[in-house]
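# Got a sequence here, can you model it:
(chains A, B, C and D)
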Amino acid sequence: MTTVIRELGDEQRELVLNMGPHHPSTHGVLRFVLHTDGEVMRKAVPEIGYLHRGLEKIAESTTYPGYVPYTDRVNYLEAMFANEAFSKAIESLSDIEVPERAQYLRAIAGELNRIASHNITIGCITMDLGAITPFVHLLRERETINDLIEALCGQRVTHHYVRIGGVAYDADDNWLKQVEKFLNHFEAIIEELDNLIVYNEILVKRMADVAVITADDAVGFGLVGPNLRASGVDWDLRRDMPYGIYPKLDFDVPIGAGEKGTVGDCFDRFVVRVRELKQSCRIIRQCINNIPDGDIIGNVSRKIKPPKGEVYSCVEGARGELGVYVVSDGTEKPYRVKWRSGSFSAMSIIEHISEGLMIADLVAVIATLDVIAPETDR
Amino acid sequence: MGQLAEYFNAIGRTILTCSDGLAVTFSHLFRKPITIQYPDRTAKPLTEMLPERSRGILEMDQELCTGCSLCSKQCPINCITIDVQKNAETKERILNKFVIDIGKCMFCGLCVEACKFSAIRHSKEFEGTVSDVNRLKINFVEQPAPVAKPKKGEDPVLKPVGSIIRKYLADQWAPAANKSSDTNSGGKSE
Amino acid sequence: MNALADFIINSLGLSGLSAELVMLLLVVAVAAAVFGIGMTISGLLTLAERRVAGRIQSRIGPNRVGPFGLLQWLVDGLKLIMKEDVVPHDADPHMFRMAPYLVVVGVFAAFASLPFGQLLIASDLNVGILYLLAITSLVTVGVLMSGWASNNKWSMIGGIRAAAQIVSYEIPTALSVASIILISGTLSMQGIINEQGGWPWQWYIFYNPFTFAVFFLYFTAALAEGNRIPFDLPEAESELVSGYNTEYSGMRFAGFFLAEFANIYLMSAIATTLFFGGWQIPGVTPEQQAGSLVLQITGMVVFMSKSAVGCFVVIWIRWTLPRLRIDQLMSLCYKYLIPLSFVCLGGNAIYLLIFPKPSSANTLVHMITTLFGGVLIVIFVTRVMYHHRISGVSLDLNFLARGEKGKYNPETQVRAYGSFRKKYEKKQGAK
Amino acid sequence: MTSEALIDYVKGLLGDKTKWADPEAGDNFLTVASEDWKNICQTLATDKKCSLTYLRNFTGTDYPEDDEIELTAHTFSYSEKHGLIIKTRISREAAVCDTLSKIWPAAIWYEREIFDLLGVSFNNHPDLRRILMPEDWVGHPLRKDYKQQETYRGIPTTRPA
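You can find the predicted model right below:
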């Protein structure tokens, strides 16, 4: 057998394993180079770039409204938030007012998208730890959300719904009723999920105390969203730097509390996401009850020429802060667009925390950090 | 003592949580599956179950197109090519070519929103498999003809959604396969 | 089988070489029959697994080949036979080729001493249960060999995991079997069944609280030996891709695959024999059963359905639970299963000292344990009903005509633009 | 701190080393010389009152007219809930800068990205390799004068007509 075993001295030998680019648990095309000693890892080095599509370069040759559909492709699980982040940047650059109904619709669509994205994440975590059924159940619920969003805006994954100045399509009362019907159904499913898998002792034991990320590390490496909150940092852009309609809404921000182990372990990252499902349902219910009549898009011309300047705008996506940095030179094409995505920083911490983990733990770490390859590579 | 208690607690927790999980999955045996048996056991073609706003493959009605090329200017990826020529004698503008490269199209709908004459729109068709990517360039102009001149205040006469593209799909995408399967099944049913 | 051979030889009046020949032919025939039965059972189990998984996950599962998809396993097998048998370039070719045989032999040879009915046993060894424990250990060698010979690091980790796991879990398995041997006083499979009765309180699982616990210990350990979730670490598709069988294709892969499913049946059948009274029919003594063909067949059906329930439970567990980590797997074995098996073994021994076999106190203990088991089942059923009530309502938002069933017409609609569409449009036009 | 208070405080802290942008031009930022870059970032990140511990975004922009590349670091403080944008400009030809990875570990990957896409190298960076593009790719795509290579290892980079 010609296995590569690196000699590192008398007592130290390590096995170099190549995990990916085509591996069932790497969530897209990405690669890890594992330096292991049997099952225990010395180091796991992520190698990304297999899904690099040059979205930032493309921006330099498209118009502002023409770039919005490209933002769908930043992350295929949360297209709504990428739309919103970019639209928000241009709105603040060129002072466009967004009508209130559009803001409510953005919140509803965004939270639906968040539920859909978390469904995939939670499902993938359980699937990577061996339980396949919860993944299929959650995918089934996501399918209904996709149907709802398709009825709203015509596409299931690449929505192109949030536009500069508002949203593209109005929602009728029937659609809102259907969303409410779905929420009634989905809240029961969350309960069922708790019984089916969340507190399953095997799952808890697999994730508790594994790969603890301290609050300092989380902030230093720039973790955002659920990953940051799981480490005990109480921060949510929707609440702390409010935008859109969120200041008017009442919701809680789940924080990792070390429920089964240490604060910031895999289980915290997992359970924070499960809790967020319920909060999203709460937000959508409030929006449906309070949504006013009115326009859905502000006064925007087809040709948008923001004044010279630059802006960094961010929204709280399903993977946390999804930011976009836009430099305008006064023409109708952006001078520079830069995406700041949650998965990118989450990926950068893996090498730091991987020492001493087992191969099976690494799978849990990748899954709970919710790393999505297209978002890291853009 | 505490350790011993924890030892048995762990056993108890494992049995309880696992058996409750088993109860959930067992209850699923009595629920209805949600599978849609696409493509061959649905009551009607899936395209007709899609919602109103569904954005499928683009289609263009030659009788409504004025050749203004607003759509191709809006397109972020330039997948629409329009060729309009002026006839020197009659001064009429002739629409020679209207090609949409569906292999490039990202179904954003900007061209549809730009069209003032309802000539270009999304159909609900989505099945576009071909063996050669270049066959995805569809020319919607069968015969070069003068462009449409809609009168003001008159509503355009719209064809049923999908009727135009379906013709191209059936003709262009799998002529051989289609014909043989048609004759086969026709022969058997008669 | 010996009885059958004697009968044939005596009735034909054969002797010497020809008698030996008949004996040999008979051995071959019985072996082939056992192998065929094993293959069919494991093939059907693959189908059962997929159908059950489908329903648990709100899907349908394979339903196209044959009625209810019943022929799916044959078609799958045919596909695998026709696939190319790839041997990786840098693999050790001989060991690579040999490994599946060891696994298949290890599992299917065990079928030889499974009592499908009172008289339906290929070879009723007087050390039957020990033979089963011993012969299945051959699987370890095959799995380790395949993992090593593939020359793939993931496979190697899988193979080593499998070796560590199977060797460790042999101990609790053997210890829990020892408890039963202690009670029955025999190692023969038929002997153990004969000691039990048809009614649930005569089964060894409800013999006393210790055997009740022993059953769960045995079941857990057997799951681990069979590499099933939650103990499927050697395969662990989300960690090791597919573990030791990553590099295998075609018929060799099918060998591993069938052996895995045959193993499920094997462990259920052993559990049926040891704990659930085997082929015993309620209210019928073994002597009565021996004399009647109808009762013989009923006994076989009883045995098969008991083990089918066992197989269902194994499949059902697979589609519910997550997987353990290797250190947890080991700590489960050495910190929980082995000590508890020893406790149960000791408990059984003391129990047998206090309550000698035929006594009314003994019967009372059986009854109480059975009642306890019944209560557990009732609690479980209420939980199932609770879950079904709370979240069992399926959601119908009427976007897609979910649940609307069309008729299957094999001639139509391979492509949506084919004749299905045209016929459909014609029909719509006629309306 | 409000953003005005923060600006005043930072002005007092850093003295004449900084240049502040015209408030009309979108977000408010400060520009520092590339020699002071690392020290000023260190100061701002560790100062108790600023405590800009979170590097929100770090990127570069190419300005061929000025013959300069602008590095922009968006920093933020979770405890104080204020943010600051720090910029520096370096020349395009000798695009070298000090690394921030000791101050904010998040910068390790951001700097790799800037190195990859804009061709800026960082002194004392622990692991400066290309991150998004292949190791043997020619050129840095986000430079304005970048021309895509026609083939990569014999594969055409554009779709043949």
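# Do you have the strands of chain B handy? List them.
Ranges of strands in chain B, per DSSP state E, are B:58-60, B:80-86, B:93-101, B:120-122, B:137-139, B:145-146.
# Retrieve the pLDDT associated with residue 108.
The chain I'm using is chain A. With respect to pLDDT, residue A:108 scores 91.
# nope, chain D
On pLDDT, residue D:108 comes in at 89.
# element containing the residue of chain C found nearest chain A?
Closest contact between chain C and chain A, by Cβ to the nearest Cβ, is at residue C:323 (2.8 Å). Heads up, the C-betas are built off the backbone N, CA and C, glycines and all. Assigned by DSSP states H and E, residue C:323 belongs to no helix or strand.
# can you list the residues of chain B near chain D?
residue B:133 (Cβ under 8 Å from any Cβ of the partner chain).
# what number of residues lie near residue 151?
You didn't pick a chain, so chain A it is. 22 (other Cβ atoms under 10 Å in any protein chain shown).
# You answered for a different chain; I wanted chain C.
Per other Cβ under 10 Å, the neighbour tally for residue C:151 reads 18.
# Point to the residue nearest the middle of chain A.
residue A:319 (2.6 Å; Cα atoms, centre = their mean).
# so what's it up against?
Contact analysis of residue A:319 by Cβ atoms under 8 Å, 6 or more residues apart in numbering or on different chains lists A:75, A:78, A:117, A:224-227, A:341-343, A:346, A:370, A:372, A:375.
# Let me know the closest of the residues you listed to chain C.
residue A:370 (15.4 Å).
# Mind pulling up the pLDDT for the closest one?
85.
# what's the closest non-adjacent residue to it?
Computed as Cβ to Cβ, 6 or more residues apart in numbering or on different chains, the closest residue to residue A:370 that is not its neighbour in sequence is residue A:121, at 4.8 Å.
# isn't residue B:120 right up against residue B:60?
Yes - between residue B:120 and residue B:60 there is a contact under Cβ atoms under 8 Å: 4.8 Å.
# Tell me which helix or strand residue C:211 sits in.
Using DSSP H and E, residue C:211 sits within helix C:209-225.
# contacts for the helix or strand following that helix?
Heading C-terminal from helix C:209-225, the first helix or strand you meet, by DSSP H and E, is helix C:237-240. Contact with helix C:237-240 is made by A:24-25, A:127-130, A:359-360, A:363, C:154-155, C:157-158, C:161, C:233-234, C:243, C:246, as judged by Cβ under 8 Å, 6+ apart.
# In helices only, show me these.
A:127-128, A:359-360, A:363, C:154-155, C:157-158, C:161 (DSSP state H).
# do you know how far residue A:61 is from residue B:164?
Distance from residue A:61 to residue B:164, counting by Cβ to Cβ, to the nearest Å: 31 Å.
# And these two? Which one has more around it.
The neighbour comparison of residue A:61 against residue B:164 (other Cβ under 10 Å) goes to residue B:164, with 19 against 11.
# any idea which element the residue nearest to residue A:370 lies in?
Residue-wise, residue A:121 maps onto helix A:100-128 under DSSP H and E.
# tilt between the helix or strand following that helix and helix A:100-128?
Once helix A:100-128 ends, the next helix or strand along the chain (criterion: DSSP H and E) is helix A:133-153. Computed by axes from the mean of the first three to the mean of the last three Cα atoms, to 10 degrees, the angle separating helix A:133-153 from helix A:100-128 equals 160 degrees.
# Any residues of the stretch 151-300 of chain A in contact with chain C? List them.
A:151, A:178, A:181-182, A:185, A:188-189, A:191-192, A:195-197, A:200, A:202-203, A:205-206.
# just those residues that are near chain B?
Okay, of those touching chain B (Cβ under 8 Å from any Cβ), that's A:151, A:192, A:195-197, A:200, A:202.
# Same list (these) but as a markdown table, adding distance to residue C:218, secondary structure and pLDDT.
Below are these laid out as a markdown table (distance: Cβ to Cβ, whole Å; DSSP: H, G, I helix; E, B strand; the rest coil; pLDDT from 0 to 100):
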| residue | distance to residue C:218 | secondary structure | pLDDT |
| --- | --- | --- | --- |
| A:151 | 53 | helix | 85 |
| A:192 | 31 | helix | 86 |
| A:195 | 27 | helix | 83 |
| A:196 | 26 | helix | 84 |
| A:197 | 26 | helix | 84 |
| A:200 | 22 | coil | 87 |
| A:202 | 19 | helix | 88 |
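# Identify, from those, the entry nearest to residue C:271.
The closest of these to residue C:271 turns out to be residue A:202 (Cβ to Cβ; 21.8 Å).
# Not counting sequence-adjacent ones, nearest residue to that closest one?
residue C:322 (5.1 Å).
# And for residue A:232?
residue A:263 is the one closest to residue A:232 (Cβ to Cβ, 6+ apart), at 4.6 Å.
# Give the burial count for the closest residue to residue B:22 other than its chain neighbours, as a bare number.
The shortest distance from residue B:22 to any non-neighbouring residue, by Cβ to Cβ, 6+ apart, is to residue C:320 (5.3 Å). Other residues lying near residue C:320 total 27 when counted by other Cβ under 10 Å.
# on that earlier part again, quickly note the distance from the residue nearest to residue A:232 to chain B.
Here residue A:263 is placed at a distance of 21 Å from chain B (Cβ to the nearest Cβ, to the nearest Å).
# returning to what we had before: out of the contacts of helix C:237-240, which are buried?
For the contacts of helix C:237-240, a burial check counting by 16 or more other Cβ atoms under 10 Å in any protein chain shown picks out A:24-25, A:127-130, A:359-360, A:363, C:154-155, C:157-158, C:161, C:233-234, C:243, C:246.
# buried ones in stretch A:53-64?
For stretch A:53-64, using 16+ other Cβ under 10 Å, the buried residues are A:54-60, A:62-64.
# Can you list which of those residues are found in helices?
Taking DSSP H, the ones among these that sit in helices are A:55-59, A:64.
# ok, which of the residues you listed also contact chain D?
Restricting those to those touching chain D (Cβ under 8 Å from any Cβ) yields A:56-57.
# so can I have CSV of the ones in helices among the buried residues of stretch A:53-64 showing pLDDT and distance to residue D:111?
Converted to CSV, these look like this (pLDDT from 0 to 100; distance: Cβ to Cβ, whole Å):
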residue, pLDDT, distance to residue D:111
A:55, 87, 20
A:56, 88, 16
A:57, 87, 19
A:58, 88, 23
A:59, 88, 22
A:64, 88, 29
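# Nearest to chain D among the ones in helices among the buried residues of stretch A:53-64?
residue A:57 (5.2 Å).
# my guess is that closest one meets residue D:143, correct?
No - in this structure, residue A:57 is not within contact of residue D:143 by Cβ under 8 Å, at 10.1 Å.
# how many neighbours does residue C:377 have?
Counted with other Cβ under 10 Å, residue C:377 comes out at 10.
# Let me fix that, I meant to ask about residue B:94.
With other Cβ under 10 Å as criterion, residue B:94 counts 16.
# Would you agree it is in contact with residue B:87?
Yes - using Cβ under 8 Å, residue B:94 is in contact with residue B:87, at 5.5 Å.
# residue ranges of the strands in the stretch 201-350 of chain A, please?
Here the stretch 201-350 of chain A has its strands, by DSSP state E, counting those that start in this stretch, at A:309-317, A:320-328, A:334-340.
# The shortest one near chain D at all?
Translated: strand A:334-340. Yes - under the criterion of Cβ under 8 Å from any Cβ, chain D is reached by strand A:334-340 at A:335-336, A:338, A:340.
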